[in-house]
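Participant: the following comprises the amino acid sequence and a computationally predicted model.
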Amino acid sequence: MAKFEIRNIAANPFRHIKRYPIRRDKVAVLRESLRKTGYWDNVVARVVNGKAEIAYGHHRLVALKEEYGPSHEINLIVRDLTDEAMLQIMARENMEEWGTSATVEQETIRAVVQAYADGLVELSEPADHSKVRYAPSFELGGNDLRSRKDRPYTAQTLAEFVGWVSPAGTAQAKVHDALAALQFIDEGILKDSDFDGLTTKQAEAVIAQTRKAKEWREDRAESARQEAERARQEADTAATAAKRERALKREKAAKVKERAFKSEARQAGTHVGRSVSASLRKGEIGYRQAGDVADRVDDRKRGGPRPDIAQFAKRLSTNLYHILSPDHDKRVTKLDELVRFRADLDEYTTKNLRSVLEGLSNRALTYAAKFASKSASETERPVRSEHKLIGKRR
């Protein structure tokens with residue numbers, strides 16, 4: 001136990017007061033308690049450069065300063081606390097003081113990741129590298145220029161550090177949600193203020209709807225990227241200058257589309273996420289109604305087919321057309337070789353090959369008939385009759 005003037009007592013260095021400020025209602029209750037029962041000297045601290053840094057009790061410190069003044073002396077329990085201990089104690093204090101505050105959960109995770117990046121604490125080696133991040137970045141895969149490849153972490157390693165694990169030993173959902181929120185904030189899609197006053201469940205709803213608004217557009221961007229790659233490959237192997245020119249034009253168009261979908265994904269994520277957040281913070285909806293707000297403000301969900309459905313169909317048609325095409329499918333060469341040496345095949349193998357090829361033909365005719373009719377049920381009769389015709393040709 002040691003005495004310190006209140007002016008010489010600092011907050012836990014890992015607690016960001018501006019991001020989760022002192023609650024005035026709690027300070028008022030503590031000041032009233034001080035008047036009635038006095039100060040209970042059970043706050044733990046460490047000494048750094050002659051001053052105390054408290055591990056917890058930040059509301060109490062403000063109440064003491066306002067009630068007694070900065071020169072008043074109080075007793076603190078002094079311990080030799082490491083940065084790791086200070087962070088872990090802060091995480092537990094945050095949950096006790098703030099309950100299910102999404103902002104506090106995010107700030108706790110942010111503090112741990114930053115301390116890890118600064119080399120102040122250590123986390124265990126991630127077991128699952130498919131979902132790894134690299135401190136201080138919150139981006140999956142750590143492609144952020146700030147990230148350090150020697151500082152990998154996952155939701156699980158963070159959960160183990162702060163003690164936010166489920167009975168099964170896995171990271172609690174709030175750890176995953178905090179990381180997703182921090183990634184959106186880092187990317188500029190959402191802001192810290194979008195989570196002000198939200199509970200854990202409400203923040204989860206904001207994150208889920210933001211992610212949904214982005215994901216389908218990002219899928220389209222990926223499809224466009226693949227189309228550009230295919231066009232580039234065709235350009236590289238084109239037999240004539242005209243074919244190369246057409247392929248290069250397709251590549252350029254696909255790249256423009258990829259950039260457009262990526263931009264739209266960001267804009268949609270921001271619009272949907274902030275709309276859901278605003279409705280929750282105003283008390284207009286509960287978190288279960290978040291999807292209704294997202295549907296209302298997301299242009300994609302106002303009815304009608306997705307705008308690129310025709311392009312998707314075109315790409316699929318091209319891919320299907322290339323099946324068993326001599327110019328695109330390497331299996332054709334193998335089939336031609338078998339045809340050349342068919343006399344060497346036994347009867348069972350020959351029948352099996354014919355059966356497989358006829359089955360492939362039948363399946364193609366089935367889908368062709370479905371597209372020719374208004375409904376799948378109308379295609380059943382013509383498809384079966386076509387199968388019979390094929391059988392008779394044998």
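Facilitator: Received the coordinates, thanks.
Participant: how close does the residue located most distally from the centre of the chain sit to residue 350?
Facilitator: Here the chain reaches farthest from its C-alpha mean at residue 343, the gap being 57.5 Å by C-alpha atoms, centre = their mean. The gap separating residue 343 from residue 350 is 10 Å, by C-beta to C-beta, to the nearest Å. (C-beta placed from N, C-alpha, C; glycine too.)
Participant: likewise for residue 21?
Facilitator: From residue 21 to residue 350 the distance is 80 Å (C-beta to C-beta).
Participant: which one's more surrounded, those two?
Facilitator: With neighbours defined as other C-beta atoms under 10 Å, residue 21 and residue 350 compare such that residue 350 has more, 13 against 10.
Participant: OK, contacts around that one?
Facilitator: Residue 350 makes contacts with residue 342, as judged by C-beta atoms under 8 Å, 6 or more residues apart in numbering.
Participant: can you check the one 10 residues further on too?
Facilitator: For residue 360, no residue meets the contact criterion (C-beta under 8 Å, 6+ apart).
Participant: quick check: phi and psi at it.
Facilitator: Backbone dihedrals for residue 360, given as degrees, to the nearest 10, come out at phi -60, psi -40.
Participant: tell me the confidence at it?
Facilitator: Residue 360 is assigned 88 on the pLDDT scale.
Participant: so residue 45 sits right up against residue 53, yeah?
Facilitator: Yes - taking C-beta atoms under 8 Å as the definition, residue 45 is a contact partner of residue 53 at 5.9 Å.
Participant: from residue 319, how far out is residue 368?
Facilitator: Separation of residue 368 from residue 319 (C-beta to C-beta) stands at 16 Å.
Participant: do you have the helices of the stretch 51-200 of the chain handy? List them.
Facilitator: Secondary structure of the stretch 51-200 of the chain (DSSP state H, counting those that start in this stretch): helices located at 58-68, 83-98, 102-117, 155-162, 173-186, 200-236.
Participant: least reliable of the ones you listed going by mean pLDDT?
Facilitator: Among the helices of the stretch 51-200 of the chain, helix 83-98 scores lowest, with a mean of 81.
Participant: show me what the one helix or strand residue 30 maps to is packed against.
Facilitator: If you go by DSSP states H and E, residue 30 is part of helix 24-37. Where contact means 3 or more C-beta pairs under 8 Å, 6 or more residues apart in numbering; DSSP states H and E, helix 24-37 is packed against helix 58-68.
Participant: which residues sit against the helix it packs on?
Facilitator: Contacts of helix 58-68 (C-beta under 8 Å, 6+ apart): 6, 9, 11-12, 15, 17, 22-23, 26-27, 30-31, 34-35, 39, 43, 54, 72, 74, 93, 97.
Participant: among those residues, name the buried ones.
Facilitator: 6, 9, 11-12, 15, 26-27, 30-31, 34, 39, 43, 54, 74, 93, 97 (16 or more other C-beta atoms under 10 Å).
Participant: looking at those residues, which is nearest residue 219?
Facilitator: residue 15 (40.0 Å; C-beta to C-beta).
Participant: got the phi and psi for that closest one?
Facilitator: phi -90, psi 120.
Participant: that one contacts residue 87, doesn't it?
Facilitator: No - under the criterion of C-beta under 8 Å, residue 15 makes no contact with residue 87, lying 9.5 Å away.
Participant: what do these two both touch?
Facilitator: Contacts common to residue 15 and residue 87, judged by C-beta under 8 Å, 6+ apart, are residue 111.
Participant: quick revisit: ok, which of the helices of the stretch 51-200 of the chain comes nearest residue 325?
Facilitator: helix 200-236 (13.0 Å).
Participant: for that closest one, list every residue counted as buried.
Facilitator: 200-214, 217-218, 220-221, 223-225, 227-228, 230-232, 234-235.
Participant: how far away from the center of its chain is that helix?
Facilitator: Centroid separation between helix 200-236 and its chain, computed with C-alpha atoms, centre = their mean, to the nearest Å, is 12 Å.
Participant: stretch 47-61 now?
Facilitator: For stretch 47-61 - counting by C-alpha atoms, centre = their mean - the centre lies 36 Å from the chain centre.
Participant: and it, how far apart are its ends?
Facilitator: By C-alpha to C-alpha, to the nearest Å, the extent of stretch 47-61 from end to end equals 16 Å.
Participant: ok, now how distant is residue 46 from residue 229?
Facilitator: Relative to residue 229, residue 46 is positioned 56 Å away (C-beta to C-beta).
Participant: ok so, going back, quick one: mean pLDDT for the helix holding residue 30?
Facilitator: Taken as a whole, helix 24-37 carries a mean pLDDT of 93.
Participant: now the element after that helix, going C-ward?
Facilitator: Next along from helix 24-37, by DSSP H and E: strand 44-48.
Participant: pLDDT on that following strand, on average?
Facilitator: On average, strand 44-48 scores 95.
Participant: what residues sit buried inside that strand?
Facilitator: Neighbour-count burial for strand 44-48 [16+ other C-beta under 10 Å]: 44-47.
Participant: and it, which strands flank it?
Facilitator: Its sheet considered, strand 44-48 pairs with strand 51-54 (antiparallel), strand 73-78 (parallel) by DSSP bridges.
Participant: picking up where we left off before, make TSV from the helices of the stretch 51-200 of the chain and add distance to residue 364 to it.
Facilitator: TSV is the format used below for the helices of the stretch 51-200 of the chain (distance: least, C-beta to C-beta, whole Å):
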stretch	distance to residue 364
helix 58-68	70
helix 83-98	59
helix 102-117	52
helix 155-162	45
helix 173-186	43
helix 200-236	22
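Participant: closest one to residue 127 among these?
Facilitator: Shortest distance between residue 127 and the helices of the stretch 51-200 of the chain, using C-beta to C-beta, is found for helix 155-162: 7.1 Å.
Participant: dump the C-alpha coordinates for that closest one into PDB.
Facilitator: Provided in PDB are the C-alpha atoms of helix 155-162 (Å, rounded to 0.1, in the frame of the first residue of the first chain):
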ATOM      1  CA  ALA A 155     -10.100 -13.900 -33.100                       C
ATOM      2  CA  GLN A 156      -9.200 -17.000 -31.200                       C
ATOM      3  CA  THR A 157      -5.800 -15.800 -30.000                       C
ATOM      4  CA  LEU A 158      -7.400 -12.400 -29.000                       C
ATOM      5  CA  ALA A 159     -10.200 -14.200 -27.100                       C
ATOM      6  CA  GLU A 160      -7.800 -16.300 -25.200                       C
ATOM      7  CA  PHE A 161      -5.800 -13.200 -24.200                       C
ATOM      8  CA  VAL A 162      -8.700 -11.200 -22.900                       C
END
